[in-house]
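Chemist: Below are the sequence and a predicted model for it; my questions follow.
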Amino acid sequence: MRDKKNIEELSIISKHMIIKGNLTGAGDLKIDGRIEGDISIDGNIFLSECGEVTGNISANNLACNGKVTGSILVQEKLTLESKSKIMGDIKTRIIIIEEGAELNGKCIAVKSEEILNS
């Protein structure tokens, strides 16, 4: 059995997909569609400009250029790209906010071990 930390697979939620329910798993996830539910991924999430999540997100890294309504917990680095719209609280170790990104919530930057204990 493979160590889940070494999974190099990419799952894609395409532009015209709507998922209602929680997602959990390992590997990377690219979201071009809409998810209504919580996401917990042991890997990286890429939320495109047309992607939308209504629910909480937990991942190793998140590159966001879409819309999130819910809390975000990122173990390492969160990048809010210029088209991002976040309505919810953020907890991460590193945050990068590009010009034009919108954030309506509080942001807490912590050490890695503090996130693991969340």
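Modeler: Done, it's in.

Chemist: Can you name the residues bridging to Ile94?
Modeler: With DSSP bridges applied, Ile94 shows beta-bridge pairing to Lys77.

Chemist: from what I can see it touches Leu78, true?
Modeler: Yes - judged on C-beta atoms under 8 Å, Ile94 makes contact with Leu78 at a distance of 7.0 Å. The C-beta positions use only the backbone N, C-alpha and C, and glycine is treated the same way.

Chemist: of the two, who's got more company?
Modeler: Leu78 (27 against 13; other C-beta atoms under 10 Å).

Chemist: List the contacts of that one.
Modeler: When contacts are counted by C-beta atoms under 8 Å, 6 or more residues apart in numbering, Leu78 touches 61-62, 64, 72, 90, 92, 94-96.

Chemist: could you measure the closest residue to Leu103 other than its chain neighbours against Asp28, distance?
Modeler: Distance criterion C-beta to C-beta, 6 or more residues apart in numbering; nearest residue to Leu103, sequence neighbours excluded, is Ile86 at 4.8 Å. For Ile86, the distance to Asp28 (C-beta to C-beta, to the nearest Å) stands at 20 Å.

Chemist: what does Glu81 give?
Modeler: From Glu81 to Asp28 the distance is 17 Å (C-beta to C-beta).

Chemist: quick one: low-confidence ranges for the protein?
Modeler: Along the chain, the model assigns pLDDT under 70 to residues 1-7, 112-118.

Chemist: now the strand or helix carrying the residue nearest to Leu103: how far from the chain's centre is it?
Modeler: Using DSSP states H and E, Ile86 sits within strand 85-87. Averaging C-alpha positions (C-alpha atoms, centre = their mean, to the nearest Å) puts strand 85-87 12 Å from its chain's average.
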